[in-house]
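Enquirer: Sequence first, then the predicted structure:
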Amino acid sequence: MPVVIPDETLCEAGLTEREGLVEIACRLFEAGRLTLWSGARLAQLSRVAFEQELQARQIPLYRPTVADLQADLDALDQLGI
């Protein structure tokens, strides 16, 4: 289903259609609603270009969880570190 954003709204936001699409993809990624790859596809960018857009907006690429930290600590314990 296509989503239509009126030209006036984009103009008011100071965005071109392309910039609006990238902005929406970045904000959906930031909210945890899209994966990195899905966001890149929505923005019609390569993964690397999408990562650069996220970094420009200071949106973290990776959000480690407590479970991730625990898995890392367990792995370090198994290695004897």
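Expert: Received, thanks.

Enquirer: which residue of this protein sits farthest from its center?
Expert: G80 (35.5 Å; Cα atoms, centre = their mean).

Enquirer: From S38, how far off is it?
Expert: Distance from G80 to S38, counting by Cβ to Cβ, to the nearest Å: 39 Å. C-beta coordinates here come from the backbone N, C-alpha and C atoms, glycine included.

Enquirer: Centre-most residue in the chain?
Expert: Centre-nearest of the chain using Cα atoms, centre = their mean is F29, 3.4 Å out.

Enquirer: my read: that residue touches I59, true?
Expert: Yes: counting by Cβ atoms under 8 Å, I59 is a contact partner of F29 at 6.7 Å.

Enquirer: Does the helix or strand hosting T9 pack against any helices or strands, and if so which?
Expert: For T9, the element it lies in under DSSP states H and E is helix 7-13. The helices and strands touching helix 7-13, judged by 3 or more Cβ pairs under 8 Å, 6 or more residues apart in numbering; DSSP states H and E, are helix 17-30.

Enquirer: Now A13. Nearest residue, chain neighbours left out?
Expert: Computed as Cβ to Cβ, 6 or more residues apart in numbering, the closest residue to A13 that is not its neighbour in sequence is G20, at 7.0 Å.

Enquirer: Contact partners for that neighbour?
Expert: 5, 10, 13 (Cβ atoms under 8 Å, 6 or more residues apart in numbering).

Enquirer: For ChimeraX, what selects the buried ones among these?
Expert: In ChimeraX, a selection of the buried entries from the contacts of G20 looks like this (16 or more other Cβ atoms under 10 Å):
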select :10
